[in-house]
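Participant: Task: produce atomic coordinates for the following.
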Amino acid sequence: MPERRAAGADLLVLGGGVIGLGCAWRAARAGLDVRVVDAGGTERATEVAAGMIAPVGEALWGEEALLAAAVESAARWPGFAGELESDAELPVPYRRCGSLHVGLDRDETAGLRRLHDLHSELGLEARWLRGSECRRLEPGLTTAVTGGYEAPGEAEIDTRVLLVALRAAAEARGVEVREGRAVELLVEDGRCTGARLESGEELHAERTLAALGARLGGELLPAEVRPPIRPVKGEVLRLRARPGEAPCERIIASERVYVVPRASGDVVIGATMEDRGFDLRVTAGGVHELLREAYRAVPEVAELELLECRAGLRPTTPDNTPVVGATAIEGLMLAGGHHRHGIMLAPVTADAVAAELSGGEVPACAAALRPGRFAARLEGTTA
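Facilitator: Model prediction:
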């Protein structure tokens, strides 16, 4: 049977998660004709993610490039959410609730103190609190808390609502979203011209953006531009509080767990970190670990209704920092490898891609995210 060819677009996006749809929407806003191919499936991290927008809480030594992107992206989130709400004509539950990072013993508190010193050096907004001050802010905390820091500017968003809004906003801007799975990139004379789907249909475009989550490091991409991305499994729980009985107002994070309250009354607890390949099984041990650690920090979680136990795959690079931008193959761009920061980094990723495509001003922090930083590693694998 002859292959079917679809007329070309300005941009073909492979992947319908928050990164793929976010880039598609922003590119369409910039005036481009955009088509998205969404394979769906259970691996998508977006639907499992806690939705924390927490650059202070993620600041670590040696990850300056990631921190710069996180701070910039968090600052863009209010405007991003407002424009998304307007285009989608749906509520976008971005909520600046703040976070409280607590130590449950002396060692944990000492580690947090060192992190807070780093925050001060970097000029991040966070204040140190004694244990009693932490409990004054959040009465539901355990009396074992010996200290911690508050980051009042941090936020959360319901990722499932976000995904629905992104698709609605993209379609409102003329983006065509179709179901399907790309099985081959079309490369002619060193230039990517689109992709072939499982159905045999060929989709052509001036540029192709691969935003395939944990599969971005797979065999769809040619070896010379394939980023070193691996899946990191995370198990997450969703619970529900009775109206007016939320166990906390802020995001609560300890060394081993986070508790994220939603405005809806849902509470998200996460997340395990396991190198298990593409294993999506939810284990009794993982659920036990999350509930035990959440109970250690916020005992009232024991009274919540357990709604759901899920696992997702975080697409992770060796430096925990995403790859965003053009590759050595003309016409092919990447957006992925966001590890556990995909929701937080969605605005700066989408804006960087849209600006590069339309000739706009690319955020300065995006220079450190270029896929080419792994070029030496890739050359070593293809030599």
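Participant: how close does the residue most central in space within the chain get to Met52?
Facilitator: Taking C-alpha atoms, centre = their mean, the centroid of the chain lies closest to Gly342, which sits 1.3 Å from it. In this view, Gly342 and Met52 are 11 Å apart by C-beta to C-beta, to the nearest Å. The way it works is simple: take the backbone N, C-alpha and C, and place the C-beta from them, glycine included.
Participant: that older thread, I figured the residue nearest to the centre of the chain was touching Ala45, is that so?
Facilitator: Yes - the pair Gly342 and Ala45 qualifies as a contact (C-beta atoms under 8 Å) at a distance of 6.1 Å.
Participant: Quick check: neighbours shared by the two?
Facilitator: 17, 314-315 (C-beta atoms under 8 Å, 6 or more residues apart in numbering).
Participant: TSV for those, including pLDDT, secondary structure and neighbour count?
Facilitator: Shown next, in TSV, are those (pLDDT from 0 to 100; DSSP: H, G, I helix; E, B strand; the rest coil; neighbours: other C-beta atoms under 10 Å):
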residue	pLDDT	secondary structure	neighbour count
Gly17	96	coil	28
Arg314	95	strand	24
Pro315	97	strand	28
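Participant: Kindly check the end-to-end length of stretch 195-204 for me.
Facilitator: End-to-end distance for stretch 195-204, by C-alpha to C-alpha, to the nearest Å: 7 Å.
Participant: ok now that stretch, how far from the chain's centre?
Facilitator: 27 Å (C-alpha atoms, centre = their mean, to the nearest Å).
Participant: Phi first, then psi, for Leu220.
Facilitator: phi -60, psi -40 (degrees, to the nearest 10).
Participant: ok, now the one 3 residues further on?
Facilitator: Here the main-chain torsion angles of Ala223 (degrees, to the nearest 10) amount to phi -60, psi -30.
Participant: what's the burial count for it?
Facilitator: 10 (other C-beta atoms under 10 Å).
Participant: and Ala210, what is it in contact with?
Facilitator: Per C-beta under 8 Å, 6+ apart, neighbours of Ala210: 14-15, 216, 220-221, 332-336.
Participant: no no, Ala68
Facilitator: Applying C-beta under 8 Å, 6+ apart, the residues contacting Ala68 are 365, 368.
Participant: how many other residues sit next to Leu137?
Facilitator: With other C-beta under 10 Å as criterion, Leu137 counts 15.
Participant: Same check on Phe278?
Facilitator: Phe278 has 12 nearby residues by other C-beta under 10 Å.
Participant: And what about it, helix, strand or coil?
Facilitator: At Phe278 the chain is in coil, as set by DSSP: H, G, I helix; E, B strand; the rest coil.
Participant: What's the separation between the residue lying closest to it once chain neighbours are set aside and Gly337?
Facilitator: Distance criterion C-beta to C-beta, 6 or more residues apart in numbering; nearest residue to Phe278, sequence neighbours excluded, is Pro231 at 5.6 Å. From Pro231 across to Gly337, the span is 11 Å (C-beta to C-beta).
Participant: Please apply the same query to Glu201.
Facilitator: Distance from Glu201 to Gly337, by C-beta to C-beta: 28 Å.
Participant: Tell me how the protein divides into domains.
Facilitator: 5-48+161-229+319-382, 96-155+230-316 (automatic domain parsing).
Participant: Out of those domains, flag the one nearest Trp61.
Facilitator: For the domains of the chain, the distance to Trp61 is smallest for domain 96-155+230-316, at 6.5 Å, taking C-beta to C-beta.
Participant: Endpoint to endpoint, that closest one covers what distance?
Facilitator: Domain 96-155+230-316 end-to-end distance (C-alpha to C-alpha) = 27 Å.
Participant: And stretch 58-70, by the same measure?
Facilitator: Taking C-alpha to C-alpha as the criterion, the two ends of stretch 58-70 lie 9 Å apart.
Participant: That one: which residues count as buried?
Facilitator: Buried residues in stretch 58-70, defined by neighbour count with 16 or more other C-beta atoms under 10 Å: 58-59, 65-70.
Participant: what helix or strand does Ala59 sit in?
Facilitator: Using DSSP states H and E, Ala59 falls within no helix or strand.
Participant: which of Glu201 and Gly337 has more neighbours?
Facilitator: Gly337 (30 against 15).
Participant: That one contacts Pro318, correct?
Facilitator: No - between Gly337 and Pro318 there is no contact under C-beta under 8 Å: 9.3 Å.
Participant: Mind listing the shared neighbours of Pro231 and Gly337?
Facilitator: With C-beta under 8 Å, 6+ apart, Pro231 and Gly337 have common neighbours 315-316.
Participant: residues in contact with stretch 107-117?
Facilitator: So stretch 107-117 is contacted by 59-60, 101-103, 126, 128, 146-149, 254-255 (C-beta under 8 Å, 6+ apart).
Participant: So which of the buried residues of stretch 58-70 are in helices?
Facilitator: 65-70 (DSSP state H).
Participant: No further queries at this time; thank you.
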